[in-house]
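> predicted model and sequence below, questions to follow.
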Amino acid sequence: MNTFLASGWDERLVRLRLGIQPVDAVTPVPGPLGAPAGITVHLETVPRPHPVPPPSADPRRPGEAVGLPTLRRSPTGRFAVLVGSRVTDGPARLDVRIVDGSRRHVPRRLSVPAPDVAAIVAADQGPSPERTCLPALFPGAAYGVHPGATAVRGRVVWSSDRAPVQWARVEARIAGAPAVSWRAHGDDRGEFLLLVGALDRQQAIALTGTLDLDVTVRARPRPTDQEPVDSPTGSRADPLWHLPVEQVGRLAPDDPTTAGTAVPPGYTVTLTRPVTCRRGAVVRPDPFALP
């Protein structure tokens, strides 16, 4: 039976259950073409253990995807989860990973609440439930820095052997200020790019060529050989196995997990250090060594 057309017509309805549109954390307003170029979104809500494919030499197939299903990108620029899949229609939450093969943005793994299918079908005749998630992606190692920008290119290591600390979270504030002003996400190599944004009037007009920051780095404890593998593959061959799956609270841009401002649980290793930036330049301080 048709829902909208007369019975003499063929009708096929395609309903959206969830639309994911990653945005740049530096300029978080979605662009007309949707997510930043080069982004792919992969579904982690799959039967487990998911087989690990052999390594690919194709740079267009980043290893972080480990053969997981790719969400289709719609003409609106959103990555769409449609109603009608036996895999995705049932769960109340859908787990996804967002990958940038060019390393312009740091990957993220999210558990996103998905509207009930019955509510979506009922919305044909009434108000539609919120179905869009706008996760913020933070600058990665290959992110382009505009001339004249003030930025910190940093690296986080373990003090014992100088091995990289994966997936650190970084917060910065003007020295002595109470509130965090800027944030960054670290990658699998322990690298991060912190872009210093707008300053208040007194800071902007100060007759100095430098800017003093207090930079705080947070990380999970170093993984042990006995630590469970949090990956659909169940294998440490997944490059993102230690990247935490963040729980999105609600489908709204101001949700702190969606915005990337909430520090995931378990980030108990911290270090705060002063960093002096030169205005309009990129500073590379000594590595942040966590105990």
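Received the coordinates, thanks. Bear in mind that the values here come from a model prediction, so they are computed numbers and not experimental data.
> all contacts plus neighbour counts: C-alpha atoms, from now on.
OK.
> would you map out the domains in the protein?
1-137+223-265, 144-221+266-291 (automatic domain parsing).
> tabulate the ones you listed (CSV), appending mean neighbour count and mean pLDDT.
Listed next are these as CSV, based on neighbours: other Cα atoms under 10 Å; pLDDT from 0 to 100:
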stretch, mean neighbour count, mean pLDDT
domain 1-137+223-265, 17, 87
domain 144-221+266-291, 17, 94
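> helix or strand: which one has Thr258?
Using DSSP states H and E, Thr258 sits in helix 256-259.
> contact partners of that helix?
25, 133-136, 246-249, 252-253, 262-263 (Cα atoms under 8 Å, 6 or more residues apart in numbering).
> and for stretch 171-181?
Contact with stretch 171-181 is made by Trp182, Arg183, Ala184, Leu211, Asp212, Leu213, Asp214, Val215, Thr216, Val217, Pro274, as judged by Cα under 8 Å, 6+ apart.
> show me which pair in these is furthest apart.
By the measure Cα to Cα, Leu211 and Val217 form the most distant pair in those, at 18.5 Å.
> in contact with the most centrally placed residue in the chain, which residues?
Centrality entry for the chain: nearest residue to the mean C-alpha point is Arg108, 3.4 Å, by Cα atoms, centre = their mean. Counting by Cα under 8 Å, 6+ apart, Arg108 touches Arg97, Ile98, Val99, Leu137, Leu243, Val245.
> how about 6 Å then?
Counting by Cα atoms under 6 Å, 6 or more residues apart in numbering, Arg108 makes contact with Arg97, Ile98.
> can you give me phi and psi for it?
With angles defined as degrees, to the nearest 10, Arg108 sits at phi -140, psi 150.
> who's it bridged to?
Note on Arg108: beta-bridge partners by DSSP bridges are Ile98.
> just the one 4 residues further on next, same as before
Residues in a beta bridge with Val112, per DSSP bridges, are Leu94.
> same question, Leu211
Beta bridges link Leu211 to Cys277, judged by DSSP bridges.
> do Ala289 as well
Counting by DSSP bridges, Ala289 forms beta bridges with Val157.
> does it touch Trp158 like I think?
Yes: the criterion here is Cα atoms under 6 Å, and Ala289 meets it with Trp158 at 5.3 Å.
> quick revisit: can you put the contacts of helix 256-259 in JSON lines and add secondary structure?
As requested, those are exported to JSON lines (DSSP: H, G, I helix; E, B strand; the rest coil):
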{"residue": "Ala25", "secondary structure": "coil"}
{"residue": "Cys133", "secondary structure": "strand"}
{"residue": "Leu134", "secondary structure": "coil"}
{"residue": "Pro135", "secondary structure": "coil"}
{"residue": "Ala136", "secondary structure": "strand"}
{"residue": "Glu246", "secondary structure": "strand"}
{"residue": "Gln247", "secondary structure": "strand"}
{"residue": "Val248", "secondary structure": "coil"}
{"residue": "Gly249", "secondary structure": "coil"}
{"residue": "Ala252", "secondary structure": "coil"}
{"residue": "Pro253", "secondary structure": "coil"}
{"residue": "Ala262", "secondary structure": "coil"}
{"residue": "Val263", "secondary structure": "coil"}
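> name the nearest of these relative to Ala149.
Nearest member of these to Ala149, counting by Cα to Cα, is Ala25, at 15.6 Å.
> tell me which stretches of the stretch 151-291 of the chain form strands.
Assigned by DSSP state E, counting those that start in this stretch, the strands in the stretch 151-291 of the chain fall at 169-174, 182-185, 191-196, 210-219, 245-247, 269-278, 282-283, 288-290.
> and the closest residue to Arg97 other than its chain neighbours, what is it in contact with?
Nearest residue to Arg97, sequence neighbours excluded (Cα to Cα, 6 or more residues apart in numbering): Arg109, at 4.3 Å. Arg109 makes contact with Val96, Arg97, Val245, according to Cα under 6 Å, 6+ apart.
> many thanks, I have nothing further to ask.
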